[in-house]
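[1] pasting the sequence and the predicted coordinates here, then a few questions.
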Amino acid sequence: MDIPVDVVVWRAPGPASLPEAAARYAELRSSPLGAFDTAVAAFVRELRQTSPDPASPVTWNEALTVGTDAVIVHVVWPGQRQVLDLVALLAARHGLVCYEPARQVAMS
């Protein structure tokens, strides 16, 4: 069974180092929700058009924490590598940076 992980997505250019990415993640976890950045809005719209796991009762709406210029994606489905790959692909398509804090991996 996969352990749920978070991946944070924000507009590039992103932090220059993993400590900066970790700090940005902590900041986003504690920030209030707000208006969408246009690239983030496009990313969220396209992500919501996909299905992370058709058999799961969890939807993207329940798995996204959206801030003013970033999104935290809570990956809670089995086969999370495929979901993380999809998030990274869509983020790159929209010029956004991804950071997976559990593994301390930046993807862009």
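    Nice, thanks for sending it over. Everything numeric in this text was worked out from a predicted model, so none of it was measured.
[2] could you tell me which ranges of the chain sit under the pLDDT cut-off?
    Scanning the chain for pLDDT under 70 picks out 1-2, 12-16, 31-36, 108.
[3] how about the helices of it, start to end?
    Per DSSP state H, the chain carries helices over the ranges 18-30, 38-48, 60-63, 80-93.
[4] export those helices to CSV and tack on distance to residue 102 and mean neighbour count?
    Any C-beta I mention is one placed from the backbone N, CA and C, and that applies to glycine too. Rendered in CSV, the data for the helices of the chain read as follows (distance: least, CB to CB, whole Å; neighbours: other CB atoms under 10 Å):
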stretch, distance to residue 102, mean neighbour count
helix 18-30, 10, 15
helix 38-48, 20, 17
helix 60-63, 15, 13
helix 80-93, 10, 17
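[5] what's the closest of these to residue 106?
    The closest of those to residue 106 is helix 18-30. By CB to CB, the value is 5.4 Å.
[6] packing partners for the closest one?
    strand 5-11, strand 70-75, strand 96-100 (3 or more CB pairs under 8 Å, 6 or more residues apart in numbering; DSSP states H and E).
[7] any chance of the helices of the chain in JSON lines, plus distance to residue 107?
    Shown next, in JSON lines, are the helices of the chain (distance: least, CB to CB, whole Å):
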{"stretch": "helix 18-30", "distance to residue 107": "10"}
{"stretch": "helix 38-48", "distance to residue 107": "13"}
{"stretch": "helix 60-63", "distance to residue 107": "18"}
{"stretch": "helix 80-93", "distance to residue 107": "5"}
